[in-house]
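*Asks:* Have a look at this fold, sequence not included:
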């Protein structure tokens, strides 16, 4: 499908499939604009993606919330830009339900929120994008933020790696039935980089 189709889907609050992560050897992700990451979207990702559900943030957004990289040094670095896990301070129970995670995302992306509105550890896992975006780091994290921006839905997204039923990382052919069943738009990083 085309980039425009995916942008239209994101703007409408739908989950799309993101392919072409240059750093993860072909792994694929679900992506939804963070402002549309309600309980239904989070539950969909948990059920059909089965990977870690992460909140993709720009560096400036993460800094505003007081979220820094867990391991910012060069030693023992996995290359995955995780910030400390978070939970909304108020409005959640155990924190792990789809509704609770959606609440945490909503608090984290609220322009009025500060670090005081979040606690740690939690059940939402922030990823902090490279300052140079896709040009600097051609990965799902930066692509998700760029897609959200282009769709007019803000500069944050929620992503989730997609696993096969056997627990191995899925490839696009593995989820053809899922894409057809739910009418999911797909977009490749290469389209974003070329646009």
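*Replies:* Looks like it came in fine. Computed from a predicted structure; not experimentally measured.
*Asks:* which residues sit in contact with the spatially closest residue to residue 188 that is not a sequence neighbour?
*Replies:* Excluding the flanking residues, the one nearest residue 188 by CB to CB, 6 or more residues apart in numbering is residue 20, at 4.0 Å. Heads up, the C-betas are built off the backbone N, CA and C, glycines and all. Contacts for residue 20 were tallied using CB atoms under 8 Å, 6 or more residues apart in numbering; they are 143, 188-190.
*Asks:* Likewise for residue 178?
*Replies:* Neighbour list for residue 178: 48, 184 [criterion: CB under 8 Å, 6+ apart].
*Asks:* Also residue 41?
*Replies:* 13, 15, 32, 102, 158.
*Asks:* among the residues you listed, which are in strands?
*Replies:* For the contacts of residue 41, membership in strands holds for 32, 158, with DSSP state E as the criterion.
*Asks:* Tabulate the contacts of residue 41 (TSV), appending neighbour count, pLDDT and distance to residue 54.
*Replies:* Formatted as TSV, those follow (neighbours: other CB atoms under 10 Å; pLDDT from 0 to 100; distance: CB to CB, whole Å):
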residue	neighbour count	pLDDT	distance to residue 54
13	16	98	19
15	25	98	14
32	28	98	12
102	23	98	14
158	28	98	7
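*Asks:* what ranges do the strands span in this protein?
*Replies:* Along the chain, the segments classed as strands by DSSP E run 16-19, 29-33, 50-57, 86-88, 118-128, 157-162, 186-188.
*Asks:* thinking again about what came up before, from the contacts of residue 41, which single one is nearest residue 51?
*Replies:* residue 158 (11.7 Å; CB to CB).
*Asks:* How much space separates that closest one from residue 101?
*Replies:* Counting by CB to CB, to the nearest Å, the gap from residue 158 to residue 101 is 9 Å.
*Asks:* Between these two, which contacts overlap?
*Replies:* Both residue 158 and residue 101 are contacted by 42, 53, under the criterion CB under 8 Å, 6+ apart.
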